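# missing the sequence, but the structure's below:
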């Protein structure tokens, strides 16, 4: 898809009409134009999402003009990068979750610069990061609240590691946070090199062009000024009340025939499969996944994003060479309805943010809150509560695969039977989420579970998320979106221990509590849940993959 516009959308086989007849007439887009939705977003009109959402929207629209308001950051980030390089500090580690990590990840991967994104509590992965090249390491601690358990634990671990290596921690630490947060106070009290305060009127998943996205990316070497320029170039297009506005077209395509009742009639789309072309953006699907899932997955409705990586991995034959492709509905194949979005990264950030906010209006939800995210956090805290005994995690023998939770009513005695029972329990037109609380580097083959299980589920989609990363992304949709999911949680005995200084638990206990806590929340909601624990990760994963493939034919 080639275009002279800074950002563009092309649809194939997509009905943006919203009715059950006259497909392709664009009624939804014309209604959005008549209601001046795009220009009202540009004007930060908090009434667009109804009275119930107005209070939240009034303090969450700072993202609309970040291409202008973030420009004062550029000189400060450039100066800091030069300062660090002059001191030989060129290994940048980002401790952050959700919106604090996903945007910097796509920015730096697209730019081809190194940034170690540490959005995990896996003790092996944390331990490797702590013992690698500390003499040239700077850690960016990124959290809006400053109290996110994963980020706070990583901060504590790095400060202790620097001290143990006779390196003063403060000059090696940079904080990105909201004004008045616990992290801001801690950073100032402990002599952090820099404290960047972000706009508190921007939610985490809309924060790509705030300090949360720009600071770690900029000091790692990405051209962040160009990102703002790209978004500024796209702004007149995405804020125009015009039927050709690509944000309106993308929003209408994503929302499909959903309505504010959450009803899924025949032809309704509640899923969007996102794939990147090899020559395009890097990790964009993971960023868009969080944006869509947390923004729309609530009150029993929304759009489930399914990030499948590259177009080649998706198996689509008619791929654009310069676009991010989105296949809509179920089943999805290369002949079904598709949307292709094209543009440079800064422009696509703004396009997808505007479109997602509009999807919220179309399906009748508040796109700026995340009412179900706290549930898994609360369950984790209860399992870690010293008053009740710190959760140690399951004592699965080495090499064994234990079934900790099975779908209700299923009698299982082996992983093969357990996975068969889970596959049978996936609702018709529903989805299966694979949630792996493992090491994304050393246990990367866990991602094969998505494609293997997708081969058994035909029209039903399969998503994959690394835990606890997904808790800050699709975790909101799993609990608040359309209630048609089933869940495979996979955890494993840690390969090494790693302490959390100042806490009565270590990283192994923390990740075990997060896995068991979220599995418990999903089970309590009545969803089919299978939680498998691996005594030996490599051998256990091989066994689970064999079980996922099903009986030999």
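Yep, it's here. Here the structure is a predicted model, which is why all the values come from computation and not from measurement.
# surely residue 74 and residue 225 touch.
Yes - with contact defined as C-beta atoms under 8 Å, residue 74 reaches residue 225; the gap is 5.3 Å. To be clear about C-beta, it is placed using only N, CA and C from the backbone, and glycine gets the same treatment.
# more neighbours, these two?
residue 225 (18 against 14; other C-beta atoms under 10 Å).
# what packs against the helix or strand where the more buried one lies?
Using DSSP states H and E, residue 225 sits in helix 224-238. With contacts taken as 3 or more C-beta pairs under 8 Å, 6 or more residues apart in numbering; DSSP states H and E, helix 224-238 sits against strand 7-12, helix 66-69, helix 72-86, helix 211-220, helix 246-255, helix 345-363.
# the lowest-mean-pLDDT helix or strand in the chain: what's the following helix or strand?
For the chain, using mean pLDDT, DSSP states H and E, the weakest element among its helices and strands is helix 311-314, scoring a mean of 59. Sequence order places strand 324-328 as the next helix or strand after helix 311-314, per DSSP H and E.
# how big is the angle separating that next one from helix 246-255?
Counting by axes from the mean of the first three to the mean of the last three C-alpha atoms, to 10 degrees, strand 324-328 points 40 degrees away from the direction of helix 246-255.
# wait, which of the helices and strands packed on helix 224-238 is closest to residue 196?
helix 211-220 (4.3 Å; C-beta to C-beta).
# let me know the angle separating that closest one from helix 72-86.
Using the same axes, to 10 degrees: helix 211-220 against helix 72-86 is 40 degrees.
# report the distance from helix 211-220 to the chain centre.
Helix 211-220 has its C-alpha centroid displaced from the chain centroid by 18 Å (C-alpha atoms, centre = their mean, to the nearest Å).
# could you do stretch 95-105 as well?
8 Å.
# for stretch 538-545, same thing?
That offset, for stretch 538-545, works out to 26 Å (C-alpha atoms, centre = their mean).
# what comes up buried for that stretch?
Neighbour-count burial for stretch 538-545 flags 540, 541, 543, 544 (criterion: 16 or more other C-beta atoms under 10 Å).
# surely the last one meets residue 403?
No - Residue 544 is beyond contact range of residue 403, at 10.9 Å (criterion: C-beta under 8 Å).
# residues shared between the contacts of those two?
Common neighbours of residue 544 and residue 403, counting by C-beta atoms under 8 Å, 6 or more residues apart in numbering, are 415, 532.
# now, the most widely separated pair of the buried residues of stretch 538-545?
541 and 543 (7.3 Å).
# neighbours around the residue lying closest to residue 419 once chain neighbours are set aside, how many?
Using C-beta to C-beta, 6 or more residues apart in numbering and skipping residues adjacent in sequence, the residue nearest residue 419 is residue 547, 4.7 Å away. By other C-beta under 10 Å, 20 other residues sit near residue 547.
# ok so, going back, could you list which of the buried residues of stretch 538-545 belong to helices?
Of the buried residues of stretch 538-545, the ones assigned to helices by DSSP state H are 540, 541, 543, 544.
# of the residues you listed, closest to residue 484?
Distances from residue 484 to these, taken by C-beta to C-beta, are shortest for residue 544, at 23.7 Å.
# could I get the contacting residues of the closest one?
401, 415, 419, 449, 490, 532, 534.
# what's the first helix or strand after whatever helix or strand the fourth one lives in?
Under the criterion of DSSP H and E, residue 449 resides in helix 448-457. Downstream of helix 448-457, the next assigned helix or strand under DSSP H and E is strand 461-466.
# now that following strand, how far from the chain's geometric center?
Distance, centroid of strand 461-466 to centroid of chain: 11 Å (C-alpha atoms, centre = their mean).
# show the average pLDDT along that strand.
Strand 461-466 comes out with an average pLDDT of 96.
# tell me the strands beside it, with direction?
Strand 461-466 sits in its sheet next to strand 431-437 (parallel), going by DSSP bridges.
# between the strand it pairs with and helix 448-457, how big is the angle?
Using the same axes, to 10 degrees: strand 431-437 against helix 448-457 is 160 degrees.
# show residues contacting strand 431-437.
122, 271, 304, 306, 422-423, 426, 443, 446-447, 449-450, 453, 457, 460-468, 470, 474, 478, 484-492, 511-512, 514-515, 518.
# returning to that earlier point: got the angle between the helix holding residue 225 and helix 246-255?
Using the same axes, to 10 degrees: helix 224-238 against helix 246-255 is 80 degrees.
# so which bits of stretch 34-41 are buried?
Buried-residue list, stretch 34-41, by 16+ other C-beta under 10 Å: 37, 38, 40, 41.
# pipe those residues into a markdown table and attach secondary structure and distance to residue 363 per row.
Listed next are the buried residues of stretch 34-41 as a markdown table, based on DSSP: H, G, I helix; E, B strand; the rest coil; distance: C-beta to C-beta, whole Å:
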| residue | secondary structure | distance to residue 363 |
| --- | --- | --- |
| 37 | helix | 14 |
| 38 | helix | 17 |
| 40 | helix | 18 |
| 41 | helix | 16 |
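# want to throw these into a markdown table with pLDDT and distance to residue 114?
Below are the buried residues of stretch 34-41 laid out as a markdown table (pLDDT from 0 to 100; distance: C-beta to C-beta, whole Å):
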| residue | pLDDT | distance to residue 114 |
| --- | --- | --- |
| 37 | 98 | 40 |
| 38 | 98 | 37 |
| 40 | 98 | 41 |
| 41 | 98 | 35 |
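# ok, so of these, who is nearest residue 54?
Comparing the buried residues of stretch 34-41 against residue 54 with C-beta to C-beta places residue 40 closest, at 12.8 Å.
# so what's the closest one up against?
residue 48.
# and the helices in the stretch 1-150 of the chain?
Secondary structure of the stretch 1-150 of the chain (DSSP state H, counting those that start in this stretch): helices located at 27-34, 37-42, 51-58, 66-69, 72-86, 99-111, 123-130, 149-164.
# give me whichever of those helices is most buried.
helix 99-111 (a mean of 26; mean count of other C-beta atoms under 10 Å).
# which one of the helices and strands packed on helix 224-238 lies closest to residue 325?
Of all these, strand 7-12 comes closest under C-beta to C-beta, at 9.6 Å.
# which neighbouring elements make contact with the closest one?
So strand 7-12, by 3+ C-beta pairs under 8 Å, 6+ apart, packs with helix 224-238, helix 246-255, strand 338-343, helix 345-363.
# now do it: distance to the chain's middle.
That offset, for strand 7-12, works out to 23 Å (C-alpha atoms, centre = their mean).
# that strand pairs with which strands, parallel or anti?
Counting by DSSP bridges, strand 7-12 is paired with strand 338-343 (antiparallel).
# tell me the angle the strand it pairs with makes with helix 345-363.
140 degrees.
# quick thing: my sequence starts at 22, can you match it?
All set: I'll call the first residue 22, so the last point we hit is now strand 359-364.
# touching strand 359-364 from outside, list them.
So strand 359-364 is contacted by 22-24, 26-35, 251, 255, 267, 270-271, 274-275, 341, 343-349, 369, 372-373 (C-beta under 8 Å, 6+ apart).
# which PyMOL command selects the buried ones in those residues?
Those of the contacts of strand 359-364 that count as buried under 16+ other C-beta under 10 Å are selected in PyMOL with:
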select buried, resi 27+28+29+30+31+32+35+251+255+267+270+271+274+275+341+344+345+346+347+348+349+369+372+373
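# circling back to that earlier point, now tabulate the helices of the stretch 22-171 of the chain in TSV and tack on distance to residue 549.
As requested, the helices of the stretch 22-171 of the chain are exported to TSV (distance: least, C-beta to C-beta, whole Å):
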stretch	distance to residue 549
helix 48-55	34
helix 58-63	38
helix 72-79	31
helix 87-90	41
helix 93-107	46
helix 120-132	28
helix 144-151	29
helix 170-185	27
